[in-house]
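> Model the following, please.
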Amino acid sequence: MQPQAIILELKRNGTVFKDLLEDRALEIQKWKPNPEKWCLLEIVCHLLDEEVEDFRARTQHVLETPDLPLKPIKPHCWPKERNYMDQDFKAVVQNFLEERQKSVSWLQSLQDPKWGQTVDHSEVGPRSAKKFLVNWLAHDYHHIRQINAITYDYLKFKSGDDLTYAGNW
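Numbering: from 1, shown residues only. Model prediction:
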């Protein structure tokens, strides 16, 4: 997949996330199918942090300063360190959507980017700008699937109905 097509998909996914997350009832924002799973609030907080501090920052880093080491990040620590469960759902969704638009605008403004340029990632080795870009899109798809799964589980929980007629989940 070419970078321009990936950028268009990232833009499209901004709309997908908007439609999946905006105007969600308060009761589903923090609902979890079990304590080990994330709720919608945790997912959108994670999406916001990843948008700004991981995918956009690291793609920009490899394009502009590939000889410098990447700033270490610890996304697995963020939910507790940043008190995801105490955040305002509506505000986080809005911030994420604004940051996604900034990301897309920045990506679309690039003039002849060197997508093959690499940076050394301390945990996984050399990573190209394109690899960060492709994984950015894959990360979207992962969380779109996760949001849909939570929404499905919530429907099943709230309705108390057998949902097998709808098809295999």
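> Name the residue closest to the centre of the chain, please.
Centroid-nearest residue in the chain, with C-alpha atoms, centre = their mean: Leu47, separated by 3.6 Å.
> How many residues are close by the closest residue to that residue other than its chain neighbours?
Nearest non-adjacent residue to Leu47, counting by C-beta to C-beta, 6 or more residues apart in numbering: Phe96, 5.2 Å away. For the C-beta atoms, the positions are set from N, CA and C on the backbone; glycine is no exception. By other C-beta atoms under 10 Å, the residues close to Phe96 number 24.
> Equivalent analysis for Glu98, please.
13.
> And Gln4, by the same measure?
Considering only other C-beta under 10 Å, Gln4 is surrounded by 10 other residues.
> thinking again about what came up before, quickly find the element holding the residue nearest to Leu47.
Assigned by DSSP states H and E, Phe96 belongs to helix 89-109.
> I'd like the mean pLDDT over that helix, please.
Averaged over helix 89-109, pLDDT sits at 98.
> Output it as PDB, restricted to C-alpha atoms.
Taking Å, rounded to 0.1, in the frame of the first residue of the first chain, the C-alpha atoms of helix 89-109 are listed here in PDB:
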ATOM      1  CA  PHE A  89     -14.800  11.100  27.700                       C
ATOM      2  CA  LYS A  90     -16.200  13.800  25.500                       C
ATOM      3  CA  ALA A  91     -13.200  16.100  25.800                       C
ATOM      4  CA  VAL A  92     -10.700  13.200  25.100                       C
ATOM      5  CA  VAL A  93     -12.700  12.200  22.000                       C
ATOM      6  CA  GLN A  94     -12.700  15.800  20.700                       C
ATOM      7  CA  ASN A  95      -8.900  16.100  21.500                       C
ATOM      8  CA  PHE A  96      -8.200  12.900  19.700                       C
ATOM      9  CA  LEU A  97     -10.200  13.900  16.600                       C
ATOM     10  CA  GLU A  98      -8.400  17.300  16.500                       C
ATOM     11  CA  GLU A  99      -5.000  15.600  16.800                       C
ATOM     12  CA  ARG A 100      -5.900  13.200  14.000                       C
ATOM     13  CA  GLN A 101      -6.800  16.100  11.800                       C
ATOM     14  CA  LYS A 102      -3.400  17.700  12.600                       C
ATOM     15  CA  SER A 103      -1.700  14.400  11.800                       C
ATOM     16  CA  VAL A 104      -3.400  14.100   8.400                       C
ATOM     17  CA  SER A 105      -2.700  17.800   7.600                       C
ATOM     18  CA  TRP A 106       0.900  17.300   8.500                       C
ATOM     19  CA  LEU A 107       1.200  14.100   6.500                       C
ATOM     20  CA  GLN A 108      -0.500  15.700   3.500                       C
ATOM     21  CA  SER A 109       1.900  18.700   3.600                       C
END
